[in-house]
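K.L.:
Sequence plus predicted model, see below.
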Amino acid sequence: MSYVRARAEGLNLDAEIGIFRRTMRIGILSLGLMVSAIPHQQDKVMLYTLWILAIGTNFTAAHRLIYVWFKTRKAKSQAQK
C-alpha cells in the first residue's frame, strides 16, 4: 500500500485510484521477465519494462496525491460553510 493511499485511508477517504495498481505492476514485470528470455533482447526488454514501471508508478502516486489533495480541500471548504 502506498504512503498516499494509507494517509488517505487515515482521513476516511478512498484513494484506490490509478492505472498502475499492484496487479498491473506485477503483470508488466512478469511479462517483461518472460519476454526477456528471448536471446539478444534481454537488456532492451528489461530496460523498457523498468522505464514503464517507473513512469507508471510515479504517475499513479502523483494522481493519488492530487486526488486526495482536492478531496480534502473540498471537504474543508464544505466544513467552513
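P.N.:
Received the coordinates, thanks.
K.L.:
Can you give me the distance of Arg22 to Gln42?
P.N.:
Distance of Arg22 to Gln42, given as C-beta to C-beta, to the nearest Å: 25 Å. C-beta coordinates here come from the backbone N, C-alpha and C atoms, glycine included.
K.L.:
So for those two, which sits in the more crowded spot?
P.N.:
Here Arg22 and Gln42 are compared on neighbour count by other C-beta atoms under 10 Å; more neighbours surround Gln42, at 13 against 9.
K.L.:
for that one, what are its contacts?
P.N.:
Ser36 (C-beta atoms under 8 Å, 6 or more residues apart in numbering).
K.L.:
What's the biggest helix in this structure, counting residues?
P.N.:
Looking across the chain with DSSP state H, the single longest helix is helix 42-80.
K.L.:
Just give me how far that one sits from the chain centre.
P.N.:
On the basis of C-alpha atoms, centre = their mean, to the nearest Å, helix 42-80 is displaced by 5 Å from the centre of the chain it belongs to.
K.L.:
Buried residues of that helix, list them for me.
P.N.:
45, 49, 52-53, 56-57, 60-61, 63-65, 67-68 (16 or more other C-beta atoms under 10 Å).
K.L.:
Including pLDDT and distance to Arg5, could the residues you listed go into a markdown table?
P.N.:
Output for the buried residues of helix 42-80, formatted as a markdown table (pLDDT from 0 to 100; distance: C-beta to C-beta, whole Å):
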| residue | pLDDT | distance to Arg5 |
| --- | --- | --- |
| Val45 | 90 | 30 |
| Thr49 | 94 | 24 |
| Ile52 | 95 | 21 |
| Leu53 | 95 | 18 |
| Gly56 | 93 | 16 |
| Thr57 | 91 | 13 |
| Thr60 | 90 | 10 |
| Ala61 | 87 | 9 |
| His63 | 90 | 11 |
| Arg64 | 87 | 6 |
| Leu65 | 88 | 10 |
| Tyr67 | 88 | 10 |
| Val68 | 88 | 8 |
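K.L.:
quick one: the spatially most central residue of the chain from Gln80, how far?
P.N.:
Geometric centre of the chain, nearest residue: Thr60, 3.3 Å, by C-alpha atoms, centre = their mean. Applying C-beta to C-beta, the value for Thr60 to Gln80 is 31 Å.
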